[in-house]
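[1] Sequence plus predicted model, see below.
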Amino acid sequence: QSGNQGVALMNLMNGVKIQLHAADVAADRPTFCGIDATDLFQHQHAEPDWLVEGIFSADQPTVFGAASKATKTTQLIDLAVGLATSTSWLGHFTIPKVRKTLLITGESNYRACGKRVQRALTARELDWSDVAGKLRIEAVDFPTLQDTEHREQIKKGVEEHGIEVVIIDPLYRGLAGLDTHRMAEVGSAIVSFTEAIRPASLIISHHVTKTSARDLSRPPSLEDLSGAGLAESCGNWWLLGRNEQYKFNRMHDLIVQYGGRDEQAGLKRIVFNEADWKFEVTHGEELKQNRDAEAEKRRIQKEDAKFNDAVSAIKRCLANETVPRPKSWLETRSGQSQSVTRKAVAHLLTEKILEESDYKDSRNVTQSGLILCQSR
């Protein structure tokens with residue numbers, strides 16, 4: 001027994017020595033000091049390791065933000081199949097190499113996922129054997145990002161299966177118990193989860209606000225992401241909206257703006273036939289220009305309507321007046337803003353519908369006012 005105690009004591013002493021040595025090493029190593037600026041020279045021309053060429057870089061977390069019924073999960077499944085087979089995403093974007101991918105979805109089940117994966121494979125003229133061992137789907141359990149045990153389980157699975165990309169759909173399912181309006185809490189959860197799955201890349205989907213989802217005039221922006229901390233925590237973004245209300249006919253007319261810290265940026269229009277899994281991807285600039293032109297046309301029409309209403313109101317107000325009235329009197333009765341009313345007055349004076357004429361006010365002071373021309 002005394003021998004066992006001696007061995008235990010030796011082990012304890014060795015353990016203390018190891019801990020002290022580790023502490024000494026940590027103390028000797030400078031932290032939070034960065035690198036010398038001249039060392040950045042070797043990084044400035046380094047090409048990103050692209051998950052999707054020119055869209056998502058592998059070393060930055062990606063946020064996939066979308067309005068309701070904007071095919072978010074469908075596009076993520078197509079992305080997962082594309083990553084697992086190194087085939088183009090949405091039939092348009094290049095995926096440079098095969099990456100073993102894990103898709104964790106909380107908004108679908110295995111039956112729905114199976115149908116979508118089958119369509120994505122068929123569209124690529126592939127079959128299930130092409131994703132065997134390279135694509136995993138989890139549609140039952142959903143991890144809580146800030147849960148230490150869950151992170152350890154994910155880390156173990158990533159290592160065991162050689163996972164290179166983890167897709168979380170949607171993020172809110174993984175933030176249970178957090179105040180999603182607190183940037184520090186959300187950001188910390190995302191960073192901790194990102195660290196746990198390294199070297200795998202992280203893609204997270206998230207909803208945009210209801211106000212943004214109803215706006216069909218533009219794609220969502222980073223500010224439209226629901227809650228806080230997403231834009232600050234992610235280095236790639238794909239923000240998806242609709243160009244028209246969904247008619248439940250499996251046809252989707254979509255608009256997306258994307259960008260990232262590697263200076264990638266763009267605007268795309270995506271027309272997706274969900275029935276046959278066909279995507280038509282075009283530049284979104286033409287659509288944007290058409291929308292801007294329509295918006296300007298509507299603005300001009302609205303301003304013209306206000307102007308015409310002001311003209312009619314001024315003529316109506318002065319129709320039975322025999323004494324000139326000051327501009328301020330008209331401004332309070334025109335039903336339009338001061339600037340619109342003054343523009344209408346100037347027009348009526350130019351057209352000689354109104355004329356300026358002097359009158360005596362209540363204090364018997366001569367003032368200049370407006371009255372309809374006698375010929376009118």
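    Nice, I can see it.

[2] How many neighbouring residues does Val271 have?
    When neighbours are counted by other CB atoms under 10 Å, Val271 registers 14. Every C-beta, even on glycine, is put in place using the N, C-alpha and C of the backbone.

[3] So it lies in a strand, does it not?
    Yes: secondary structure assignment (DSSP: H, G, I helix; E, B strand; the rest coil) places Val271 inside a strand.

[4] can you pull the contacts of it?
    In this structure, Val271 makes contact with 251-254, 279-280, 282, judged by CB atoms under 8 Å, 6 or more residues apart in numbering.

[5] could you redo the last one with a cut-off of 6 Å?
    If a contact means CB atoms under 6 Å, 6 or more residues apart in numbering, then Val271 has 253, 280 as its contacts.

[6] Quick check, pLDDT for it.
    Model confidence at Val271, given as pLDDT, is 95.

[7] Name whatever forms a beta bridge with it.
    When bridges are taken as DSSP bridges, the partners of Val271 come out as Asp253, Glu280.

[8] List the buried residues for the helix or strand containing Leu267?
    Under the assignment given by DSSP states H and E, the secondary-structure element containing Leu267 is strand 265-273. By neighbour count on 16 or more other CB atoms under 10 Å, the buried set for strand 265-273 is 267-270, 272.

[9] what do you get for stretch 293-310?
    Residues of stretch 293-310 classed as buried by neighbour count (16+ other CB under 10 Å): 306-307, 310.

[10] swap in stretch 183-202?
    Buried positions in stretch 183-202, judged by neighbour count with 16+ other CB under 10 Å: 183, 185-190, 193-194, 196-197, 200-202.

[11] looking only at pLDDT, what's the mean for it?
    95.

[12] what does stretch 280-288 give?
    The predicted model assigns stretch 280-288 a mean pLDDT of 86.

[13] who touches stretch 124-131?
    Contact partners of stretch 124-131, identified using CB under 6 Å, 6+ apart, comprise 84-85, 87.

[14] the inter-axis angle of the helix of greatest length in the chain versus strand 265-273?
    In the chain, ranked by residue count with DSSP state H as the criterion, the top helix is helix 285-318. With axes from the mean of the first three to the mean of the last three CA atoms, to 10 degrees as the criterion, the two stretches helix 285-318 and strand 265-273 enclose an angle of 90 degrees.

[15] helix or strand right after helix 285-318?
    Past helix 285-318, heading to the C-terminal end, the next element that is a helix or strand (DSSP H and E) is helix 327-331.

[16] thinking again about what came up before, and of the buried residues of stretch 183-202, the nearest to Glu149?
    Taking CB to CB as the measure, Glu149 lies nearest Ala196 of those, at 11.0 Å.

[17] Leaving aside the residues adjacent along the chain, what's closest to that closest one?
    Leaving out its chain neighbours, the residue that sits closest to Ala196 by CB to CB, 6 or more residues apart in numbering is Arg151, at 3.9 Å.

[18] I figured that neighbour hits Glu195, correct?
    No: with contact defined as CB atoms under 6 Å, Arg151 does not count as touching Glu195 (8.4 Å).

[19] Counting only helices, which of the buried residues of stretch 183-202 make the cut?
    Taking DSSP H as the definition of helices, the buried residues of stretch 183-202 contribute 183, 185-190, 193-194, 196-197.

[20] before we move on, the earlier item: could you list every helix and strand in contact with the helix or strand where the residue nearest to Ala196 lies?
    Assigned by DSSP H and E, Arg151 belongs to helix 148-161. Taking 3 or more CB pairs under 6 Å, 6 or more residues apart in numbering; DSSP states H and E as contact, the helices and strands that helix 148-161 lies on are helix 183-197.

[21] could you give the angle of the helix it packs on to helix 148-161?
    Computed by the same axes, to 10 degrees, the angle between helix 183-197 and helix 148-161 is 30 degrees.

[22] Need the contact partners of helix 183-197.
    Contacts of helix 183-197 from elsewhere in the structure, counted by CB under 6 Å, 6+ apart, are 61, 145-146, 151, 154-155, 158, 166, 178-180, 202, 228-229, 232-233.

[23] let's see it at 7 Å
    Outside helix 183-197, the residues within contact range by CB atoms under 7 Å, 6 or more residues apart in numbering are 61, 145-146, 151, 154-155, 158, 166, 175, 178-180, 202, 227-230, 232-233.

[24] and these, which of them are in strands?
    Where the contacts of helix 183-197 overlap with strands, as defined by DSSP state E, the overlap consists of 166, 202.

[25] Weed out the non-buried ones from the contacts of helix 183-197.
    Buried residues within the contacts of helix 183-197, counting neighbours by 16+ other CB under 10 Å: 61, 145-146, 151, 154-155, 158, 166, 175, 178, 180, 202, 227-230, 233.

[26] shaky segments in this protein?
    Applying pLDDT under 70 to the chain flags residues 1-30, 375-376.

[27] Count the neighbours of Asn236 for me.
    For Asn236, the number of neighbouring residues by other CB under 10 Å comes to 26.
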